[in-house]
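Student: sequence plus predicted model, see below.
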Amino acid sequence: MAAVDPSGKPFPPLINDLILRAARGEKTEHVPVWVMRQAGRYLPEFREVRAENEFFKVCRTPELACEVTLQPLRRFDLDAAIIFSDILIIPQAVGMEVQMVPGKGPTFPQVLKEPSDLQHLNLNCNVKEELQYMLDALTFTRHTLNGKVPLIGFCGGPWTLMAYMIEGGGSSTQSKAKAWLYKYPEDSHILLKSLTKLLIEFLIDQVVAGAQMLQVFESHAGILTPECFKTFLLPYIKEIAEGVKSGLKRLNIDVPMTIFAKDAHYGIEELATTGFDIISLDWTIKPMRARHEAGQKVTLQGNLDPCALYGSENDIQDNVKKMLKNFGTQKYIANLGHGMYPDMCPESVQTFVNAVHNYSKLMNESS
Ligand SMILES: Cc1c2[nH]c(c1CCC(=O)O)Cc1[nH]c(c(CCC(=O)O)c1C)Cc1[nH]c(c(CCC(=O)O)c1C)Cc1[nH]c(c(C)c1CCC(=O)O)C2
């Protein structure tokens with residue numbers, strides 16, 4: 001990871017490097033844990049910030065992004081922070097408008113309808129210039145964290161971003177986006193390739209700005225057939241891992257990279273060959289099957305059903321025990337299989353995090 005910020009100022013020394021060690025396959029005294037959407041609406045202090053500030057204003061204001069990034073770390077003994085931002089800032093950077101509509105989620109007033117619409121996008125934009133605010137938020141937050149835990153940077157995967165740009169928001173079938181893959185395969189590849197190039201630049205910039213780990217969210221992977229996955233998702237994911245790693249190597253920096261291809265059960269074996277260090281799993285995958293298919297090289301992350309957090313304290317602890325037994329305590333990062341929901345209790349995160357630490361420590365001591 002970068003030792004100094006872009007202005008040359010040294011970053012504070014890292015105190016808790018547990019998650020980086022798990023990512024590199026080194027021994028850990030207990031299992032590191034963080035939670036997808038750990039900064040979010042389930043926290044009253046987050047809702048307070050959001051009541052005064054529009055969603056993308058929080059993303060664009062480094063002090064606000066830092067504040068909400070740190071909120072869950074003040075409450076829970078988490079082993080990583082993830083910068084507050086959104087995957088949809090990339091469509092914004094290429095010129096698309098995205099609104100966060102309360103109760104509905106992200107909405108694009110204008111979507112890509114046909115390949116000629118690609119001409120209206122600025123696919124050769126200068127990502128660093130367009131998204132400097134996110135890079136500034138990373139630098140500011142890494143300094144403010146003061147070495148407590150590593151800071152995770154992230155982006156959406158090319159397929160997931162393409163799907164949002166065509167669907168204009170959430171969709172249960174993704175049928176408009178999938179139609180492009182069958183009707184306009186060449187134009188789909190042009191768009192995916194352009195996004196891939198931007199994402200490689202963006203992820204390298206994030207590390208230079210202070211990110212100590214990277215996660216790529218292919219949240220809409222599971223809607224693809226195994227064949228479409230192989231043609232339209234896997235090659236670009238591989239290109240991202242290779243492009244980012246070789247770009248960073250030239251700068252003498254190495255950071256662990258995680259791929260979260262939600263619901264792509266059929267693709268674990270292939271994802272393990274892409275160059276990503278960590279595969280993040282949703283809750284539909286049996287841990288032992290994932291380990292068998294991924295092999296011993298990669299670290300696994302996941303995959304408690306987020307809804308398990310609606311259970312009692314005892315039930316959460318029992319579910320964590322089962323999860324740890326199945327994953328083991330090494331080459332493993334505990335997390336949920338997807339993000340927190342807004343109606344969840346903050347106390348359930350406390351129970352989850354403490355259970356991961358306590359049981360994995362006991363397991364290590366007795367082995
Ligand atoms: C698909 C996707 C998006 N954004 C993201 C993904 C990939 C992960 C996933 O599959 O969930 C990634 C994301 N979005 C957010 C983060 C911040 C870091 C964190 O995880 O704590 C991260 C890593 C903040 C956010 N991004 C969003 C919120 C909640 C909205 C708000 O504050 O009003 C947060 C905390 C909004 C958002 N942005 C997006 C969605 C689907 C939503 C939720 C819409 C809703 O439920 O109303 C697009």
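Tutor: In hand now; what should we look at? Residues are numbered from 1 along each chain as shown.
Student: show me where this protein has its strands.
Tutor: For the chain, the strands identified by DSSP state E occupy 81-82, 99-101, 105-107, 151-156, 213-218, 257-261, 278-280, 299-304, 332-336, in order along the chain.
Student: format these as a markdown table; extra columns: mean neighbour count.
Tutor: Heads up, the C-betas are built off the backbone N, CA and C, glycines and all. Listed next are the strands of the chain as a markdown table, based on neighbours: other Cβ atoms under 10 Å:
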| stretch | mean neighbour count |
| --- | --- |
| strand 81-82 | 24 |
| strand 99-101 | 14 |
| strand 105-107 | 14 |
| strand 151-156 | 24 |
| strand 213-218 | 25 |
| strand 257-261 | 26 |
| strand 278-280 | 26 |
| strand 299-304 | 24 |
| strand 332-336 | 27 |
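Student: burial count for the nearest residue to Asp315 once chain neighbours are set aside?
Tutor: For Asp315, ignoring the flanking residues on the chain, the nearest one in space by Cβ to Cβ, 6 or more residues apart in numbering is Ala308 at 7.2 Å. When counting by other Cβ atoms under 10 Å, one arrives at 19 neighbours for Ala308.
Student: residues in contact with the closest residue to Arg142 other than its chain neighbours?
Tutor: Counting by Cβ to Cβ, 6+ apart, the nearest residue to Arg142 once its immediate chain neighbours are dropped is Gly210, at 3.5 Å. The contact partners of Gly210, by Cβ atoms under 8 Å, 6 or more residues apart in numbering, come to Ala2, Asp5, Phe11, Leu138, Thr139, Thr141, Arg142, His143, Leu151, Gly153.
Student: let's see 6 Å
Tutor: Going by Cβ atoms under 6 Å, 6 or more residues apart in numbering, Gly210 touches Leu138, Thr139, Arg142.
Student: what does the protein put close to the ligand?
Tutor: Contact residues of the chain with respect to the ligand, defined by Cβ under 6 Å from any ligand atom, are listed as 36-41, 50, 55, 82, 84, 86-88, 100, 105-106, 154, 217, 219, 339.
Student: which among these end up buried?
Tutor: Buried residues within the residues of the chain next to the ligand, counting neighbours by 16 or more other Cβ atoms under 10 Å: 36-40, 50, 55, 82, 84, 86-88, 100, 106, 154, 217, 219, 339.
Student: if you average pLDDT over the longest helix that the chain contains, what comes out?
Tutor: For the chain, the helix with the greatest residue count under DSSP state H is helix 185-209. Mean pLDDT, helix 185-209: 98.
Student: mind giving me the packing neighbours of that helix?
Tutor: Helix 185-209 makes packing contacts with helix 127-130, helix 132-145, strand 151-156, helix 158-167, helix 234-250 when contacts are defined by 3 or more Cβ pairs under 6 Å, 6 or more residues apart in numbering; DSSP states H and E.
Student: possible to save these as TSV with distance to Arg74?
Tutor: Supplementary listing: these in TSV, determined by distance: least, Cβ to Cβ, whole Å:
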stretch	distance to Arg74
helix 127-130	31
helix 132-145	11
strand 151-156	15
helix 158-167	30
helix 234-250	31
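Student: can I get those in a markdown table with distance to Ile204 and mean pLDDT?
Tutor: Converted to a markdown table, the helices and strands packed on helix 185-209 look like this (distance: least, Cβ to Cβ, whole Å; pLDDT from 0 to 100):
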| stretch | distance to Ile204 | mean pLDDT |
| --- | --- | --- |
| helix 127-130 | 9 | 98 |
| helix 132-145 | 11 | 98 |
| strand 151-156 | 10 | 98 |
| helix 158-167 | 16 | 98 |
| helix 234-250 | 4 | 98 |
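Student: which residues touch the residue positioned nearest the centre of the chain?
Tutor: By Cα atoms, centre = their mean, the chain has its centre lying nearest to Gln215, at 4.0 Å. The contact partners of Gln215, by Cβ under 6 Å, 6+ apart, come to Ile152, Phe154, Thr258.
Student: out of these, which is nearest to Ile237?
Tutor: Thr258 (11.4 Å; Cβ to Cβ).
Student: how confident was the prediction at that closest one?
Tutor: Per-residue confidence at Thr258 stands at 99 (pLDDT).
Student: which residues pair with it across the strands?
Tutor: On the basis of DSSP bridges, Thr258 is bridged to Gln215, Ile278.
Student: from the ligand, how far out is it?
Tutor: Distance of Thr258 to the ligand, given as Cβ to the nearest ligand atom, to the nearest Å: 11 Å.
Student: in contact with that residue, which residues?
Tutor: Contacts were defined as Cβ under 6 Å, 6+ apart; by that measure Thr258 touches Gln215, Ile278, Ser280.
Student: go again with 10 Å.
Tutor: 23, 152, 154, 213-217, 276-280, 298-299, 301, 333, 335 (Cβ atoms under 10 Å, 6 or more residues apart in numbering).
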